[in-house]
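Peer 1: Pasting the sequence and the predicted coordinates here, then a few questions.
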Amino acid sequence: MNGNSGKWQPLASRTDAPEALRSWLGETGSLTARVRSRCVRGFSLRVIEEVQEGAAHRRDIVMCDGDAPLVFARTLVPMDTLAAHPWLAELGEQPLGSRMYEEPGFHREAFEVARLVAGDELHDFIHAHIMPLAGPVWARRARAAFFEHGFEISECFLPGLI
């Protein structure tokens, strides 16, 4: 996912994370629901790209308040997980967070967080495809699963969020 994986650490060990973002980085419930509740112009979700990438299905989306991007999310779903849960490739503009908590056997591991800068894969993708970035963005990632079928979710908190 990111060639600089050494940057990813548990939130508790990231004393440099901005206080205003800490509750977002550590959100244990549905991030989609929290973003939706924060929107004043109306929640929208845009699929940026959805492709087969090597042995995984990759889906890149941005959650917005109206047209203002708030959170970029990337989901990487291995083929065996996709075979067991084909709906993961059929979400369209439906948020993953609206569905995964309803699925039997869903669980998620602890989040790792990182401060992403120019040169980091996710930062550069956001800069090229969603919005120009003048500085770093904070992100979190976790492995999740439906029973034994795992996948990975990364969420990047964009400057307009706070």
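Peer 2: Received it, and whenever you're ready, just let me know what you need. Since we're looking at a predicted model, the values are computed, not measured.

Peer 1: rest of the way, CA atoms for contacts and neighbours
Peer 2: Will do.

Peer 1: And stretch 150-162, what's buried?
Peer 2: 150-159, 161 (16 or more other Cα atoms under 10 Å).

Peer 1: neighbouring contacts of it?
Peer 2: For stretch 150-162, contacts defined as Cα atoms under 8 Å, 6 or more residues apart in numbering pick out 20-21, 68-78, 81, 137-145.

Peer 1: Please list only the buried members of those residues.
Peer 2: Buried, going by 16+ other Cα under 10 Å: 68-78, 81, 137-145, out of the contacts of stretch 150-162.

Peer 1: and stretch 81-91, average pLDDT?
Peer 2: Average pLDDT, stretch 81-91: 95.

Peer 1: Output the below-cut-off pLDDT ranges for this structure.
Peer 2: Scanning the chain with the threshold set as pLDDT under 70 gives 1-6.

Peer 1: Helices along that one, start to end?
Peer 2: Using DSSP state H, the helices of the chain run over residues 19-25, 31-38, 79-84, 97-100, 121-129.

Peer 1: residues in contact with Ser98?
Peer 2: Here Ser98 is in contact with 30, 32-33 (criterion: Cα under 8 Å, 6+ apart).

Peer 1: Of the residues you listed, which is the most crowded?
Peer 2: Thr32 (17 neighbours; other Cα atoms under 10 Å).

Peer 1: Disregarding flanking residues, what is the spatial nearest neighbour of it?
Peer 2: Gly97 (5.6 Å; Cα to Cα, 6 or more residues apart in numbering).
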